[in-house]
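1. Provide a 3D model corresponding to the input given below.
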Amino acid sequence: MKHRHFLSALLCAALLLTACCFPARAAAQAAPFGGQGTAEEPYRIDSSRQLWALAGLVNAGAGEYAQASYRLTANLDLGPADWVPIGIDEAHPFRGVFDGDGHGVATLWSWEEARQADYGGFFGVTEGAVIDDLYVEGNIGGQVYAGQLVAWAKDSQIKNCAGQLNTRNGPNTPFAPQLVGRSDNSRIENCAYSYLYGSWVVRTADAATRVVNSFSTGQTNFYYHADGAYTQVWAPGIEVSPGQTAIATSYSDFVRELNAWVDAQPAGVYRHWRVPDGAEEMTTDANGKPLHVPALWPVLADYLVEVRVEAPGVDQEALEWFQGRWADTVRGCQIPLTRELSKVATVTEPQGTASETLSTVYAAQAGRPPCITGLDNVDGFRLAEVYLDGQAVGPQLPAITGDCTLTLSFVPSGDIAHFTLSHPDVEYPDVAADAWYGVNQENTVSDVTRLGFFVGRDDGRFDPEAPLTLAEAVKLAAVAHSTYAGDGDPFDQTAGEHWFDTYQEYAVQAGILYDWEFGELTQPATRLQMAYLFRRAIPQLELERTPADQRLSPSDIAEELVRYQGSVRDLYWHGVLQGADEAGNFYPDRTVTRAEAAAILVRLALPERRLTSDTNG
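-> Numbers count the residues shown, from 1 in each chain. Next up is the predicted model:
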């Protein structure tokens, strides 16, 4: 196989993530998952950290984990990382059972280097595996086989799964517009895959593979020649080999066979798959050949759920921010087969305050909540209440038992006014009054202490010129987030093996950092790492309330660090950071002192202390 040295590097990275980047108390357990790994009590996957652990264990040859049963318990976001597939090659396949339980895994990327691996997918190679009820979204590539869900499925069952190629925030060139890259003697049932420019459920398959009740969509897939020559679409109830190019002699025959299958099902089930009579248009392709274009396609679901979203009582600036973040972040896992069923955005201003209503129709399976990813990641807002047909049901999405309307009510996740100079001041013996951070100058050390971020060393010193460690940076970001949110987290430093475990766990849960980032936290923090953490501690909305000076941008951040550039740029533009020299250079790889970190925190928390364009920070 190609690039074996790179696969070795990926495997080492997976092992390092498992061994080093997770809290030590998790490594000490018999398994990094709850449950027993059996069919009756599968291992529970609750976090992206556990997905990384699973990949590391399977790829290291831990057979008991490769053959175990798993259940996903939450919608997860892997973040902008090079995902290492579960089952990295033929010698280390996944042989177990993975039940998505109706949940999704979003932002599943492989970037340029990772695409040199042989197999790319959420799963790399599966053998005798069962994968059920899982949604995946992202952009995956591989040198031999690649599929968003599985690169190479051998003797496996894949059912009730869906996926979507998404280049929105990831690599620009799609490498794998398919759910499964290659299938040998496998069965793919009740599955769908979508990409704008055309997609496949299975890209390559042997004659023993069977595809049932499955669809792929895209611009090149929902046009049908009038003579019936269309590819990669299979109607419910019709079992085909992927080598076939058509399952009916015309579009009308396809609709008739589809509707006949729907009508034969129990009353109400799959009724949204039915195509109304006459729901097609006639046009021609570039060569003038007649085409049938469906005006309406069925969806893979039992019920339709209109999801309305509101953020009542917020000011207009926050409302516009919410509207943009919702559009950028939230995605539905169930895929309408050609286009979204509906999407409406309106703004009203009752009684002088703004209220937002976004309305989107999602597909849902009977007895399950609609699979919607990103609800926990709408920057600056949190989901406070869900209403089912007008009745409050709590802050969680309910199980769906019929066509209905859900109203999701969001509120701001915190308030910048929570930052107050109300904590006791401390006279540190090593903080000179005339130092730039002293009481006669910027008074940074005193202010950061009164804000509650720092309490000094055990011996009473502040140690202003000492390098800030990553653990301290994570702690400061967690405290800033907790203060803004007003959640009153006690941060019990005795809860873990290390004093900083409680802050790291909070930061991961709050979305400040991902599980796999930074590695050993006892090492000094760089200016880039500090800026990234501090920027993510409060919503960008709170920065944008300070007018931006877009002339200020660092020019010395390497292109490969592009995902960190935005954090530094935001802090530059809004007066929290400025250059370390007259040229405006940021020096991202330099370490940062405790006094420098204190100054940045003060500017972050107190908008009136932010810098003007002629001030260096």
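2. Leaving out the residues flanking it, which one is nearest to Ala162?
-> Ala192 (4.6 Å; C-beta to C-beta, 6 or more residues apart in numbering). Glycine gets a C-beta too; all of them are placed from N, C-alpha and C.
3. I misspoke; the intended subject was Gly120.
-> If you skip the residues right next to it in sequence, Gly120 has Gly142 as its closest partner in space, 3.0 Å away by C-beta to C-beta, 6+ apart.
4. helix/strand/coil for that neighbour?
-> Under the three-state scheme (DSSP: H, G, I helix; E, B strand; the rest coil), Gly142 adopts coil.
5. That one contacts Val125, doesn't it?
-> No. When contacts are counted by C-beta atoms under 8 Å, Gly142 is not listed as touching Val125 (10.7 Å).
6. Of the two, give the one with the bigger neighbour count.
-> The neighbour comparison of Gly142 against Val125 (other C-beta atoms under 10 Å) goes to Val125, with 29 against 24.
7. hang on, Asp77 packs against Ala106?
-> Yes. Using C-beta under 8 Å, Asp77 is in contact with Ala106, at 4.9 Å.
8. which residues do those two both contact?
-> Counting by C-beta atoms under 8 Å, 6 or more residues apart in numbering, the contacts common to Asp77 and Ala106 are Thr373, Gly374.
9. any idea how far the residue nearest to Ala162 lies from Gln178?
-> 12 Å (C-beta to C-beta, to the nearest Å).
10. what's the answer for Gly496, then?
-> Distance, Gly496 to Gln178, by C-beta to C-beta: 42 Å.
11. Between those two, tell me which one has more neighbours.
-> Each of Gly496 and Gln178 has its neighbours counted (other C-beta under 10 Å); Gln178 has more, 30 against 17.
12. Show the contacting residues for that one.
-> By C-beta under 8 Å, 6+ apart, Gln178 lies in contact with Ala146, Gly147, Gln148, Tyr193, Ser199, Trp200, Val201, Val202, Arg203, Ser216.
13. list the contacts for the closest residue to the second one other than its chain neighbours?
-> If I follow you right, that is Gly147. Closest residue to Gly147 apart from its sequence neighbours, by C-beta to C-beta, 6+ apart: Gly181 at 3.6 Å. Contact partners of Gly181, counting by C-beta under 8 Å, 6+ apart, are Tyr119, Gly120, Gly121, Gly142, Tyr145, Ala146, Gly147, Val150, Ala151, Trp152, Arg203, Thr204.
14. Tell me which other helices or strands the helix or strand where Tyr484 lies touches.
-> Taking DSSP states H and E as the definition, Tyr484 sits inside helix 470-485. Of the remaining helices and strands, those touching helix 470-485 by 3 or more C-beta pairs under 8 Å, 6 or more residues apart in numbering; DSSP states H and E are helix 501-509, helix 527-535, helix 594-605.
15. Verify the stated contact: Ile158 with Gly147.
-> No. At 9.8 Å, Ile158 does not count as touching Gly147 under the criterion of C-beta under 8 Å.
16. Give me the more crowded residue out of these two.
-> Neighbour count, other C-beta under 10 Å: between Ile158 and Gly147, Gly147 has more, with 34 against 30.
17. Quick one: residues contacting the more buried one.
-> Gly147 makes contacts with Gly120, Gly121, Ile140, Ala176, Gln178, Leu179, Val180, Gly181, Arg182, Arg203, as judged by C-beta under 8 Å, 6+ apart.
18. now the second one, nearest residue through space, not along the chain?
-> Spelled out, it's Gly121. Of all residues not flanking Gly121 in the chain, Ala151 sits nearest, at 4.0 Å (C-beta to C-beta, 6+ apart).
19. Quick one: residues contacting that neighbour.
-> By C-beta under 8 Å, 6+ apart, the contact set of Ala151 is 85, 119-121, 123-125, 140, 142, 144-145, 180-182.
20. one more time with 7 Å, if that's ok
-> Applying C-beta atoms under 7 Å, 6 or more residues apart in numbering, one finds that Ala151 lies in contact with Pro85, Tyr119, Gly120, Gly121, Phe123, Gly124, Val125, Gly142, Tyr145, Gly181.
21. helix or strand for it, which one?
-> Element membership of Ala151, judged by DSSP H and E, is strand 150-154.
22. And Glu320, by the same measure?
-> In the assignment (DSSP H and E), Glu320 maps to helix 316-329.
23. what do you get for Tyr135?
-> Using DSSP H and E, Tyr135 sits within strand 130-139.
24. Tell me the helices and strands packed up against that strand.
-> Using 3 or more C-beta pairs under 7 Å, 6 or more residues apart in numbering; DSSP states H and E, the elements in contact with strand 130-139 are strand 97-109, strand 157-159, strand 162-165.
25. Let me know the average pLDDT across the shortest one.
-> The one in question is strand 157-159. For strand 157-159, the mean per-residue pLDDT is 94.
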